[in-house]
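Engineer: Provide a 3D model corresponding to the input given below.
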Amino acid sequence: MTSDGDREHPSIVAIRPAPRLVRWTAMAAMFALASVPFGLLFIPAIAFVVALVMLAFIDWGISRKDPPPRLVRELPEHVVKGRRAIVTYRVSSYIDRSTSILDELPTDLGGDMLIEDVALTPRTTTITREVVPLRRGTNELGGAYLMWNSRLELFRYRSLAQNGGKVAILPPASSPERRVALTHRTIRDELGTRPRPARGEGREFESLREYFPGDDPRHVDWRATARRGRMMVRQYQTERRHTVMVAVDTGRLMAARAESNSKLDYALDCAIALARASKEFGDRVGFMAFDRELRSLIRPRSGVGALRGLVEASARLKVSAFEPNYRVLADTLAINQKKRALVVVLTDFVEGSASRELESYLGVIARRHVVLLVALRDRVLAEIDRRDAEITRDRLYRRLALQDLVVEREAALARIGRFGAETLDLDPAAINAPVLNRYLAMRQASLL
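Structural biologist: Numbering: from 1, shown residues only. Sure thing, here's the model as predicted:
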């Protein structure tokens with residue numbers, strides 16, 4: 001990506017004294033001060049000051065008409081979190097000179113980058129640097145500045161050579177090498193298994209054959225009959241391609257961090273991994289993000305386009321300051337997904353009214369769809385499994401409170417499971433493999 005700075009004449013935004021002029025000015029000041037007690041130094045001091053002023057005017061006069069160097073910064077519009085990306089700078093100048101580059105990159109790309117003492121010639125000079133994106137999201141690029149000295153190196157010029165532009169940092173899509181925790185040998189191994197008869201209503205066309213007495217007249221293909229001159233019927237098989245709808249909560253609880261990422265980052269990484277697995281089966285994959293309102297919606301599609309759309313949408317998502325409204329999830333599915341599908345909900349909930357709301361709306365969704373709830377568990381709940389040699393009163397009260405939360409959470413998940421939904425309660429950093437395993441097991445068991 002090339003930003004708006006590919007301009008004919010970059011504007012000079014600052015002119016400052018160069019280190020050489022600063023040193024000579026300091027020497028002139030010392031001469032002037034020394035001439036007060038030593039009168040013999042007065043005339044040499046005046047001569048030095050006059051010579052310095054004249055040199056400054058001459059340098060200004062011969063340098064101000066020099067065209068400034070030009071800079072083009074090239075950075076991909078999309079980079080992947082944790083993977084190295086290349087930033088390319090193409091600098092050109094009409095005269096030989098030395099310059100420095102200051103690029104105000106966003107913090108998520110490593111922050112400001114300073115490249116000093118770049119020797120320029122009348123040809124274009126290409127410089128590359130590596131950056132490692134740190135966090136998912138869309139970032140505004142800052143300005144890229146060029147800094148160079150005048151002909152006599154008495155002045156330091158600074159120009160805004162390029163400004164503006166955006167870069168989207170995408171979450172890393174799970175590659176086959178990252179599926180080491182899958183209990184199935186590989187996803188492709190699953191492609192060779194013959195599915196059991198499905199419980200759903202879907203059917204897909206398989207082939208044409210001649211009509212036999214007793215065939216359903218509704219399956220007669222009249223166009224094929226007219227074309228071939230004999231009665232032909234359509235033969236169907238149980239539909240093996242399914243629809244997977246991934247719903248990600250962007251509410252405030254998803255801002256909690258585990259290691260270096262938020263729960264939302266882990267949920268989006270899992271959504272992309274699930275989309276990759278579904279693509280290999282030919283399943284249609286859709287995506288939605290919600291909190292108190294719908295933040296993103298991608299209708300189910302198959303192939304590479306579905307995965308690409310999900311990855312691009314994930315870069316724009318942020319955690320909101322609001323609680324999730326699960327009615328948004330139910331209403332969106334009721335309007336946009338009338339056909340039976342596997343609905344994977346990645347969320348977290350606080351026990352109490354929030355869990356009751358989640359239960360009621362998932363119960364409504366489960367009447368039409370197969371539901372897999374993935375609850376992203378707070379790591380603080382793991383404290384009840386630790387065994388301390390000594391425990392204080394405050395620690396004991398904390399553990400009892402956490403134990404109550406765990407009991408309520410397990411009870412809520414058990415109630416959700418009673419109306420047919422599958423549930424997983426997982427550490428955010430370890431959700432990919434269990435979710436993919438459950439998806440593969442559900443698909444192999446023809447639950448979809």
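
Engineer: quick one, what contacts the residue nearest in space to the middle of the chain?
Structural biologist: The geometric centre of the chain, computed from its C-alpha atoms, lies nearest to residue 170 (C-alpha atoms, centre = their mean), at 2.8 Å. Residue 170 makes contacts with 78-81, 136, 311-312, 314-315, as judged by C-beta atoms under 8 Å, 6 or more residues apart in numbering. No exception for glycine: its C-beta is placed from N, CA and C like everyone else's.

Engineer: Inside strands: which ones of those?
Structural biologist: Mapping those onto strands (DSSP state E) picks out 78-80.

Engineer: okay, these in CSV with neighbour count, pLDDT and distance to residue 425 next?
Structural biologist: Shown next, in CSV, are those (neighbours: other C-beta atoms under 10 Å; pLDDT from 0 to 100; distance: C-beta to C-beta, whole Å):
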residue, neighbour count, pLDDT, distance to residue 425
78, 15, 83, 33
79, 23, 86, 33
80, 17, 85, 29
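
Engineer: May I see those organised as CSV, with distance to residue 273 added?
Structural biologist: Below are those laid out as CSV (distance: C-beta to C-beta, whole Å):
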residue, distance to residue 273
78, 18
79, 19
80, 14
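
Engineer: what's the closest of the residues you listed to residue 44?
Structural biologist: The closest of the ones in strands among the contacts of residue 170 to residue 44 turns out to be residue 79 (C-beta to C-beta; 60.1 Å).

Engineer: Quick one: name whatever helix or strand follows the longest helix anywhere in the chain.
Structural biologist: If each helix of the chain is counted by residues according to DSSP state H, the longest one is helix 393-418. Sequence-wise, the next helix or strand downstream of helix 393-418 (DSSP states H and E) is strand 422-426.

Engineer: pLDDT weak spots in the stretch 201-350 of the chain?
Structural biologist: Filtered on pLDDT under 70, the stretch 201-350 of the chain yields the residue ranges 201-206, 236-240.

Engineer: how does it look with 80?
Structural biologist: 201-207, 212, 214-215, 235-241, 259-260, 280-281, 303-306, 350 (pLDDT under 80).

Engineer: Which stretches in it count as helices?
Structural biologist: Taking DSSP state H, counting those that start in this stretch, the helices of the stretch 201-350 of the chain run over residues 222-228, 263-281, 304-314, 326-336.

Engineer: Flag every buried residue along stretch 19-27.
Structural biologist: Buried residues in stretch 19-27, counted by 16 or more other C-beta atoms under 10 Å: 20-21, 24.

Engineer: With stretch 247-266 instead?
Structural biologist: Of the residues in stretch 247-266, 247-251, 253-254, 256, 258, 261-266 count as buried by neighbour count, 16+ other C-beta under 10 Å.

Engineer: tally of neighbours for residue 133?
Structural biologist: 23 (other C-beta atoms under 10 Å).

Engineer: Would you mind measuring from it to residue 104?
Structural biologist: 16 Å (C-beta to C-beta, to the nearest Å).
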